[in-house]
Each structure stands twice: as structure tokens, then as C-alpha cells.
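Colleague: Fold the following, please.
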Amino acid sequence: MLKVCQVDDVEPGDTLQLICKDRPPIALYNVDGTFFATDDICSHGDASLADGLLEDFAIECPFHAGTFDVRTGEALTRPCVHKINTYPVKIEDGFVYVLANETAPA
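Modeller: Residues are numbered from 1 along each chain as shown. You can find the predicted model right below:
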């Protein structure tokens, strides 16, 4: 479990790239006060999703404008066609934690 940040550090509509030791980076999203986490690297190309545009539950890849659902990891628009992993997020005592060693149930 990664202690990522305080809840107030990521405003609604914002994203945060998490650089992790011994694993690829994770992207954290705040959608109207609810946090979600996915793989940070787009399944279509080598782009950081944390650099993309978050609209509702969709994150847009900054390279090719394909989108993913941050809740499920499902590819929503082309050129993205492959799902990305999602990770459980826990809020405790004002801090955001990502359970990076397990993927969220589909």
C-alpha cells in the first residue's frame, strides 16, 4: 500500500503521477472528490495519462487523444483498444493510499 498524498493535495478534476519504486508509474485521479488509480502509461503509446485531460470519468491520452474510463480501465475511444489496470484507492485520516500490489476487481 502506497501512502500517496493528502486528500487536499489533488483538487477535483486534477491528476497526479506516482513514481513507484520497482514498478511502472501509477496515475491518480480526483473525480469530484472520489479518487481512482490506473496504470499511468497509455496502452497505445508511451504517454503519461497523468498528463492527460480528465473529464468526468474519462482520461484522455495526451499523445493520441484516446480515452480510458478511470473506474474500470476500459478503453473508450480509439486509437486506444486495450484496457489498463486499475488499483484500489483507500482514504484514511485525510490521506490517499493506493493498493499498488493488487488490481481492482473488474
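
Colleague: what sits against residue 94?
Modeller: Applying CB atoms under 8 Å, 6 or more residues apart in numbering to residue 94 gives the contacts 6, 7, 8. Glycine gets a C-beta too; all of them are placed from N, C-alpha and C.

Colleague: Quick check: buried residues in stretch 89-99?
Modeller: With burial defined by 16 or more other CB atoms under 10 Å, the residues of stretch 89-99 counted as buried are 89, 96, 97, 98.

Colleague: swap in stretch 36-46?
Modeller: For stretch 36-46, by 16+ other CB under 10 Å, it's 36, 37, 38, 39, 40, 41, 42, 43, 44.

Colleague: just the residues you listed now: which is nearest residue 85?
Modeller: Of all the buried residues of stretch 36-46, residue 85 sits closest to residue 39, with 4.8 Å by CB to CB.

Colleague: Make sure residue 26 is actually in contact with residue 39.
Modeller: Yes - using CB atoms under 8 Å, residue 26 is in contact with residue 39, at 6.7 Å.

Colleague: separation between the residue lying farthest from the centre of the chain and residue 6?
Modeller: Taking CA atoms, centre = their mean, the residue of the chain most remote from its mean C-alpha position is residue 93, at 21.3 Å. The gap separating residue 93 from residue 6 is 10 Å, by CB to CB, to the nearest Å.

Colleague: now swap in residue 56 and tell me
Modeller: Taken as CB to CB, the span from residue 56 to residue 6 is 24 Å.

Colleague: residue contacts, the residue lying closest to residue 41 once chain neighbours are set aside?
Modeller: In space, and not counting its chain neighbours, residue 41 is closest to residue 24: 6.0 Å by CB to CB, 6 or more residues apart in numbering. Residues in contact with residue 24 (CB under 8 Å, 6+ apart) are 39, 40, 41.
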